[in-house]
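In: Starting from these lines, generate the structure:
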Amino acid sequence: MERRNFLSLGLASTALALFERPLFAAQKIAVVVHPKNPVKSLGLDEIEAIFKALRRSFTGGKRILPFNLPARHPLRVAFDRAALHMEPDAVARYWIDQRVRGAQHPPTQVPSSRMMLQVVMSLETSIGYVPLGEVTGGVKVVAEV
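Out: Numbers count the residues shown, from 1 in each chain. Next up, the predicted model:
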């Protein structure tokens, strides 16, 4: 009896995991900045450079403050695949390599897309990403990935 319950729980967990992944993969991701940021749009190559800390300032010289969701968050995984062309383990190795070389630090992490919106609304030089359907009037969309 216990084995059957365990098996049922395992199958339900697997089904849920398979169901959740495509939701983020199929959903558009909005790259957002503060409304006062003069940037009107960004290409994927620019977004990749920003989130790999290869580009550190916006036009006009203002320092970019990029924000990320936690490493295994489904939206973060989808964003890293689309914008950085990297899987989670490759992203982790990239930042370990950067630290070993004494180079740039990874973007600051926030726990949720809701917090991401709050941070971007509060800091004029911030950049982050949220599901397109969660965009509010307090941020400006500069790209969709």
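
In: drop to CA atoms for contacts and neighbour counts, all remaining ones
Out: Fine.

In: hmm, who's touching stretch 115-124?
Out: Surrounding stretch 115-124, the residues in contact under the criterion C-alpha atoms under 8 Å, 6 or more residues apart in numbering are 32-37, 67-69, 110, 126-130, 135-136, 138-139.

In: and if you look at stretch 126-144?
Out: Contacts of stretch 126-144 (C-alpha under 8 Å, 6+ apart): 24, 27-35, 39-43, 64-68, 75, 79, 113, 116-117, 119-121.

In: Which parts of that stretch count as buried, going by neighbours?
Out: Within stretch 126-144, the residues scored as buried using 16 or more other C-alpha atoms under 10 Å are 126-132, 135, 139-144.

In: Sort out for me which of those residues are in strands.
Out: Among the buried residues of stretch 126-144, the members found in strands (DSSP state E) are 126-131, 140-144.

In: mind putting those residues in a markdown table, distance to residue 58 and pLDDT included?
Out: Formatted as a markdown table, those follow (distance: C-alpha to C-alpha, whole Å; pLDDT from 0 to 100):
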| residue | distance to residue 58 | pLDDT |
| --- | --- | --- |
| 126 | 10 | 96 |
| 127 | 10 | 97 |
| 128 | 14 | 98 |
| 129 | 17 | 98 |
| 130 | 20 | 98 |
| 131 | 23 | 97 |
| 140 | 15 | 97 |
| 141 | 15 | 98 |
| 142 | 13 | 97 |
| 143 | 15 | 97 |
| 144 | 18 | 96 |
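
In: Turn those into TSV, including distance to residue 89.
Out: Putting those into TSV (distance: C-alpha to C-alpha, whole Å) gives the following:
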residue	distance to residue 89
126	25
127	23
128	21
129	20
130	21
131	22
140	30
141	28
142	27
143	25
144	24
